[in-house]
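Q: Need a 3D model of the following:
(2 chains)
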Amino acid sequence: MKKAFFCASSQLAFALAISLMSGTVSAETISFDPGDLGNRLGRSISLTEAFLPRYHGLADMLGGRSKDMFQTASLQAIWYTNYSISTDFGSETGSLGRVYGDVFGARVGKNLSLLFGAGGFRYGVFLTDISLPAPAGDPAGNPFVTDFTGTQFFQDIYAIGLLIRKEVLLTAFVNQNRQYAPNSGVVDIYKPEVSEFIFGGELALGGALSVESFATETGAHLRTEGRIHPTRIVYRAMGMPGKGSFDLSTGIRWINAGDGKFTLSRYTIPTDFSFKPGKRVVLFSGFSVAGKEIREETDSLFRYGYGKAGWNLSDEIQISAGASYIADPRMAYFYQGNTEAIGYCAELQFCYEDLVRFSIGARKNWHQDLADLIETVDRPVFYASLNLLVPTLF
Amino acid sequence: MPQKTILPRITAGTVLSLSLLFASCSNVLNVVISPFAPDFLPEAHAENGSVLIPLSLSSEREYTDDAGSWETDYAWYVYRSEISPYQGMALVGRLYRPGALGVYTDIRHRLASDGDGDQYIATTYSDKDFSLSRLNASGSETVQNQNSNASSYFIDENAPRTTLYYRVSKVRLKKEYTKKEYTISGSEHIVTDIEYSLEHTETSGWTAAENQ
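A: Now for the predicted structure:
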């Protein structure tokens, strides 16, 4: 039965994956300042870092396929609450929300496959303590309203790629950043205050080498990252398919942003490992060596580091836990002058034959969360995640 | 795969993908990030010491399912603050549709047993008073209830002479039919529960009026 199910799954012409991650944060009220929210390059990096791994996952899925069509989608959301937000009428309590969603598709051919996808982030701050009290016994009860306040950010990424002989992946993508100034609590999505594009491209060879770069509309360079997976090269040289039980990737990331008056140039050397010593255990680890400028700003050799271990209690249940470190000079404003933070994560995951996966967990100061949104430092996040693979829809 | 099935799949996939692309992910996510965010602004005009707020109500019923459930406009609730759009909001009045006010009777059914242990369908009736009170949240009779047949404005006649902030919220009257099936002594009985309710369906952002 199980085998038959997997056989049927392998024939799916359409796969839909939906992940739902929602989080709430409860912490004492602190002042909100739009740290990363106002950083268009930071937001573009966050979006591509959420989007591209899923895009690469789709490309990996194509390896064993013949002519078929795939689609996959996801939705993730986190709310950080209890921010004290400055308004024209004084300080009010509100929330910072970040929602991510994407949809991908692929048309698989023997020598040439077409991949396409769209994803987006919606960031924003909104006031949550607006009270519209009804008289006692009013049959309609109280209405709820949450005003958008401060700049609202809409970000989209569109990508199209060609996978040639399932070895060379050539991708072009464009980021659209839109910003809105709410009018009396309302966002009119047809009237952006700012709308701009960032263009990018990526070349990946055999899953072992990749180069990715961003540029503005005017062609100014923003970021370049190159990665190499030496273990995959070794495995391929030995004629072993896949990633093996040990995977290592390393590279260099160079960020180069400027507004004509000053230029910010920073580089880091990210390295990631994964190791599966047995059937039950998976280990993940990584770090990023800081470049000269970041070292001077933080007095730290490392930009971040992390370690995480997963343990399969059974085929259906996995637990995992990890710890991380991150150094960032922007943290000082939000974290009582500290520029370093130790983070943790813990997760419990249930799965059924790769088709249903549900996980719940908690994170605090996890390096990736802070890299995406520095405003969230010192705030615990509790989340739940649901992933579904749905058989052919059309 | 037969050739004739490929084209419809490609077409369907392309249409779905393009529609999602053009819809723009972030626009779709805007609905998710704050479900209670307002999507319209009210108007408020100060005139001769009063503040006029144009509002409209419809008597049309919108049917919501095959069982005949429907909803219709009931009233606009108008809130005002002298402090800020975020603090001190209080209900100052309602613009109501007279035909929607009244006492409505919910009908519910359940399976019960009599003294001999025989089952039967018991029916209960409960009245809901959807008329309007003039009491405010503090218990004072200050709430102004105004008939929408008389004016397409809510007129805040007691507006203080200062800067005022207003929000409005539309309330809909809903009638819901729910079919239930019971089997008693081998025979099936179908009955219909009826429930009336009021619900705030859309709440505005805010507007300011200088009432000099």
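Q: Now do the top helix by length along chain A: distance to the chain's middle.
A: When every helix of chain A is counted residue by residue (DSSP state H), the longest turns out to be helix A:40-61. On the basis of CA atoms, centre = their mean, to the nearest Å, helix A:40-61 is displaced by 7 Å from the centre of the chain it belongs to.
Q: is chain B contacted by that helix?
A: No - judged by CB under 8 Å from any CB of the partner chain, helix A:40-61 and chain B are separated, with a smallest distance of 9.6 Å. C-beta: built from backbone N, CA, C; applies to glycine.
Q: Can I get that helix in CSV? Just the C-alpha atoms.
A: The C-alpha trace of helix A:40-61 is given here as CSV (Å, rounded to 0.1, in the frame of the first residue of the first chain):
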residue,chain,number,x,y,z
ARG,A,40,15.4,48.0,0.7
LEU,A,41,18.5,45.9,0.0
GLY,A,42,18.0,44.1,3.3
ARG,A,43,14.4,43.4,2.4
SER,A,44,15.4,42.2,-1.1
ILE,A,45,18.0,39.9,0.4
SER,A,46,15.5,38.5,2.9
LEU,A,47,13.0,37.8,0.2
THR,A,48,15.5,36.1,-2.1
GLU,A,49,16.8,34.0,0.8
ALA,A,50,13.3,32.8,1.5
PHE,A,51,12.4,32.4,-2.2
LEU,A,52,15.5,30.9,-3.8
PRO,A,53,16.0,27.8,-1.6
ARG,A,54,12.4,26.8,-2.5
TYR,A,55,13.1,27.5,-6.1
HIS,A,56,16.3,25.3,-5.9
GLY,A,57,14.2,22.7,-4.2
LEU,A,58,11.9,22.6,-7.1
ALA,A,59,14.9,22.3,-9.5
ASP,A,60,16.2,19.4,-7.4
MET,A,61,12.8,17.7,-7.7
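Q: ok, then the element right after the longest strand belonging to chain B?
A: Longest strand in chain B, counting residues (DSSP state E): strand B:163-184. Toward the C-terminus, strand B:163-184 is succeeded by strand B:187-203 as the next helix or strand (DSSP states H and E).
Q: so that following strand versus strand B:163-184, what angle?
A: With axes from the mean of the first three to the mean of the last three CA atoms, to 10 degrees defining the directions, strand B:187-203 sits at 170 degrees from strand B:163-184.
Q: hmm, strand B:187-203 in reach of chain A?
A: Yes - using CB under 8 Å from any CB, strand B:187-203 reaches chain A at B:Leu198, B:Glu199, B:His200, B:Thr203.
Q: circling back to that earlier point, what are the buried residues along the longest strand of chain B?
A: Buried residues in strand B:163-184, counted by 16 or more other CB atoms under 10 Å in any protein chain shown: B:164-177.
Q: Verify the contact between A:Val103 and A:Ala118 for me.
A: Yes - proximity of A:Val103 to A:Ala118 meets the contact threshold set by CB atoms under 8 Å, at 5.7 Å.
Q: and A:Ser345, how many neighbours?
A: To be clear, residue A:345 is Cys; Ser isn't right here. When neighbours are defined as other CB atoms under 10 Å in any protein chain shown, A:Cys345 has 22 of them.
Q: which residues does whichever residue of chain B sits closest to chain A contact?
A: Closest approach between chain B and chain A, counting by CB to the nearest CB: B:Cys25, at 2.8 Å. For B:Cys25, the contact set (CB atoms under 8 Å, 6 or more residues apart in numbering or on different chains) comprises A:Gly101, A:Asp102, A:Val103, A:Ala118, A:Gly119, A:Gly120, A:Asp156.
Q: I appreciate the help and will end here.
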